[in-house]
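Novice: Dropping a prediction and its sequence here:
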Amino acid sequence: MGATETIAQWIVDTTYEDIPPDAIRVANESCFDLLGVILAGSVQPVGDIIQNYVNDLGGNPEATVLSTGDKTSLPNAALANGTMGHALDYDDFGGFGHPTVAIFPALLALGEKLGSTGRDLLEAYVVGCEIGLALQHTTKYNQMAKGFHATAVIGRLACTAACCKLLGLDRDQTVTALGIAGSMASGLIHNFGTMTKPLHAGLVCRDGVTASQLAQRGLTSGQQVLEHPLGYTSTILGEGIYDLNEMAENMGKPFRVQDALMIKKYPCCGGNHAMLDSLFSLMREHDFTYDDVEEAEVDQSFLSIVMLYEEPDDELKGKFSAKYNVAAALVDGEVSIPTFSQDKIDDPQIQEAMGKVRNRVMAKAEEGLTDHAGGLPIRIKLKDGRVVEHRTARTNILGAQGNPWGFENIKSKFQVNAGMALPEDRVDGTIDAWTDITQVADLAETIQRTLVR
């Protein structure tokens, strides 16, 4: 068998019992976290737009749009919930951009229609996520140099694999579905800092549902989407960087989910998180506030996506601006959902603070000689003459598996997010119902009971 067939067979054969308990635990945490983020996203401007759009489209009432409770077709529900799940950029990250928002909303829609259990969902989620993690492990974000968003281009195959698993497709159907998804893969980094970035996640979820259902119905596609020289891998991710046969033969050896996923503490691009952790560590350790700061300097990779907007003029662009994040953190002492509002963007004190922040961008040649393992430094020059510096490794970001946030904190985050969309008296019951997704006996019943207003 070629690589595509081998991977499809792994998707079909892998069972819940094959998955390490730690992978199930981490998957459960990330999916639970995302439910809260979807609810919060449902009351954002992009949430209103996508809900109105799918309502106007209509469609068979097969799956629920959170938190309105409106029902629409499976692809449309996946589109809406996926877009809302990425509206705040508050969903988990690591491995291939934003894994959970690229998979879970599609499975939630399919699982509701099928009457699946939470255990079925997590099995499919881990299987799909492992496909994405294996692809990204080899590319090491190579597709970024072409301007492709990992969540969008790798997420489509991961999501499709997960949908195939939940639908119970056989090997040949799964190969076909992956072939269909390969022709759907796109998503441009140019659209970061706009509403189209969260739409990437919604489109991925819609397309995963669509590709798997079309394959189930007999639509045909190329059967070597990974290994063909004109297929997905060479065209989207790059030539000459894969030993696809080795990757295919080593799926699940080991599983990667339990090490890769990171729960977000801050509702902004993950590229800001190590920098923010470092800054808050410095503020605590050296007991200073914005009034004590003369200037701040942040080292950046030449490919850093948190330098997309040096002078952001709206809240979405602010999520991709290191200067804005540092300035807001210094002035307010925190970064939270209200940080990314037009009022904060226009705040004169934050605007003043941005003038004190400088990105020190490494040259491409310098980058190749730099070991990023320990993280890149942020330096603060204080008015009393002191210069303090800190760096946080990506693997040690608060919320990474090397520095877990703790499930109680994840629940607290969920409570705030869910409270933005659900009545106050429904939030605790929703948390109880979804804390352990493996105990959900019927996704359809639990969704209706807990996740709608």
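Specialist: Arrived safely, thanks for sending. Residues are numbered from 1 along each chain as shown.
Novice: And the helices in the stretch 351-453 of the chain, which stretches?
Specialist: Along the stretch 351-453 of the chain, the stretches classed as helices by DSSP state H, counting those that start in this stretch are 364-368, 407-419, 424-434, 443-450.
Novice: which residues of this protein fall in strands?
Specialist: Here the chain has its strands, by DSSP state E, at 63-64, 71-72, 293-300, 357-361, 377-382, 387-391.
Novice: Please identify the pairing partners of the fourth one and their relative orientation?
Specialist: When you say that, I think you mean strand 357-361. Partners of strand 357-361 in the sheet, by DSSP bridges, are strand 293-300 (parallel).
Novice: again, but for the last one
Specialist: Strand pairing for strand 387-391, determined by DSSP bridges: strand 377-382 (antiparallel).
Novice: buried sites along the strand it pairs with?
Specialist: Buried residues in strand 377-382, counted by 16 or more other Cβ atoms under 10 Å: 378, 379, 380, 381. Every residue, glycine included, has its C-beta placed from N, CA and C.
Novice: go on, stretch 411-424?
Specialist: Using 16+ other Cβ under 10 Å as the burial criterion, the residues of stretch 411-424 that qualify are 411, 413, 414, 417, 418, 419, 420, 421, 422.
Novice: from those residues, which is closest to residue 50?
Specialist: Distance to residue 50, by Cβ to Cβ, is smallest for residue 421 among the buried residues of stretch 411-424, at 14.1 Å.
Novice: I figured the closest one hits residue 43, correct?
Specialist: Yes - using Cβ atoms under 8 Å, residue 421 is in contact with residue 43, at 5.4 Å.
Novice: which residue is nearest the centroid of the protein?
Specialist: In the chain, the C-alpha nearest the mean C-alpha coordinate belongs to residue 98, at 2.0 Å (Cα atoms, centre = their mean).
Novice: was I right about that one contacting residue 155?
Specialist: Yes - using Cβ under 8 Å, residue 98 makes contact with residue 155 at a distance of 7.5 Å.
Novice: Can you give me the first-to-last residue distance of stretch 95-102?
Specialist: Start and end residues of stretch 95-102 are separated by 12 Å (Cα to Cα, to the nearest Å).
Novice: Report the rounded mean pLDDT for that stretch.
Specialist: Averaged across stretch 95-102, the pLDDT comes to 96.
Novice: try stretch 271-287
Specialist: 97.
Novice: any residues touching that stretch, and which ones?
Specialist: With contacts defined as Cβ atoms under 8 Å, 6 or more residues apart in numbering, stretch 271-287 is touched by 262, 264-266, 288-289, 296, 298, 304-306, 319-320, 322, 325-326, 329-330, 333, 335, 375-378, 380, 382, 386, 388-394, 396-399.
Novice: next one: stretch 35-49
Specialist: 51, 66-68, 81, 83-88, 90-91, 101, 105, 195, 198-199, 337, 413-418, 420-422, 430, 434, 451.
Novice: one more time with 7 Å, if that's ok
Specialist: Residues from elsewhere that reach stretch 35-49, judged by Cβ atoms under 7 Å, 6 or more residues apart in numbering: 66-67, 81, 83-85, 87-88, 90-91, 105, 195, 198, 413-414, 417-418, 420-422, 434, 451.
Novice: just stretch 122-133 next, same as before
Specialist: 7, 11, 14-16, 19, 23-24, 27-28, 31, 95-96, 99, 103-104, 107, 154-155, 157-159, 161-162, 165-166, 251-252, 255-257, 260, 437-438.
Novice: Buried only: go through these for me.
Specialist: Among the contacts of stretch 122-133, those classed as buried by 16+ other Cβ under 10 Å are 7, 11, 14, 19, 23-24, 27-28, 31, 95-96, 99, 103-104, 107, 154-155, 157-159, 161-162, 165-166, 251-252, 255-257, 260, 437-438.
Novice: Out of these, which sit inside helices?
Specialist: Of these, the ones assigned to helices by DSSP state H are 7, 11, 23-24, 27-28, 31, 104, 107, 154-155, 157-159, 161-162, 165-166, 257, 260.
Novice: Off-centre distance for stretch 104-111?
Specialist: Here the centre of stretch 104-111 is set off from its chain's centre by 15 Å, with Cα atoms, centre = their mean, to the nearest Å.
Novice: Sorry, slip of the keys, the one I care about is stretch 159-178.
Specialist: 22 Å.
Novice: Going by neighbour count, which residues of that stretch are buried?
Specialist: For stretch 159-178, the neighbour count (16+ other Cβ under 10 Å) marks 159-167, 169, 171, 173-178 as buried.
Novice: Same check on stretch 103-121?
Specialist: Within stretch 103-121, the residues scored as buried using 16+ other Cβ under 10 Å are 103-114, 116-118, 120-121.
Novice: before we move on, what about stretch 177-195?
Specialist: Buried positions in stretch 177-195, judged by neighbour count with 16+ other Cβ under 10 Å: 177-185, 187, 189, 191-193, 195.
Novice: quick one: which of those residues is nearest to residue 362?
Specialist: Nearest to residue 362 among the buried residues of stretch 177-195 is residue 189, at 18.8 Å by Cβ to Cβ.
Novice: Now that the closest one has come up, it's in contact with residue 146, right?
Specialist: No - contact criterion Cβ atoms under 7 Å: residue 189 and residue 146 do not qualify, at 9.1 Å.
Novice: closest one to residue 215 among the strands of the chain?
Specialist: Proximity of these to residue 215 was assessed by Cβ to Cβ; the nearest stretch is strand 63-64, lying at 19.0 Å.
Novice: Give me the helices and strands touching the closest one, please.
Specialist: Secondary-structure packing of strand 63-64 (3 or more Cβ pairs under 7 Å, 6 or more residues apart in numbering; DSSP states H and E): strand 71-72, helix 74-85, helix 104-114.
Novice: Can I get those in a markdown table including distance to residue 138?
Specialist: Below are the helices and strands packed on strand 63-64 laid out as a markdown table (distance: least, Cβ to Cβ, whole Å):
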| stretch | distance to residue 138 |
| --- | --- |
| strand 71-72 | 37 |
| helix 74-85 | 25 |
| helix 104-114 | 24 |
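Novice: So which of the ones you listed is nearest residue 204?
Specialist: With Cβ to Cβ as the criterion, residue 204 lies closest to helix 74-85 of those, at 6.5 Å.
Novice: With only the CA atoms kept, save the closest one in PDB.
Specialist: Extracted C-alpha coordinates of helix 74-85, given in PDB (Å, rounded to 0.1, in the frame of the first residue of the first chain):
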ATOM      1  CA  LEU A  74     -24.500  19.300   9.000                       C
ATOM      2  CA  PRO A  75     -22.000  21.300   6.900                       C
ATOM      3  CA  ASN A  76     -23.600  24.600   7.800                       C
ATOM      4  CA  ALA A  77     -23.700  23.800  11.600                       C
ATOM      5  CA  ALA A  78     -20.000  22.800  11.300                       C
ATOM      6  CA  LEU A  79     -19.300  26.100   9.400                       C
ATOM      7  CA  ALA A  80     -21.000  28.200  12.000                       C
ATOM      8  CA  ASN A  81     -19.600  26.600  15.100                       C
ATOM      9  CA  GLY A  82     -16.100  26.300  13.700                       C
ATOM     10  CA  THR A  83     -16.100  30.000  12.800                       C
ATOM     11  CA  MET A  84     -17.400  31.000  16.200                       C
ATOM     12  CA  GLY A  85     -14.800  28.800  17.900                       C
END
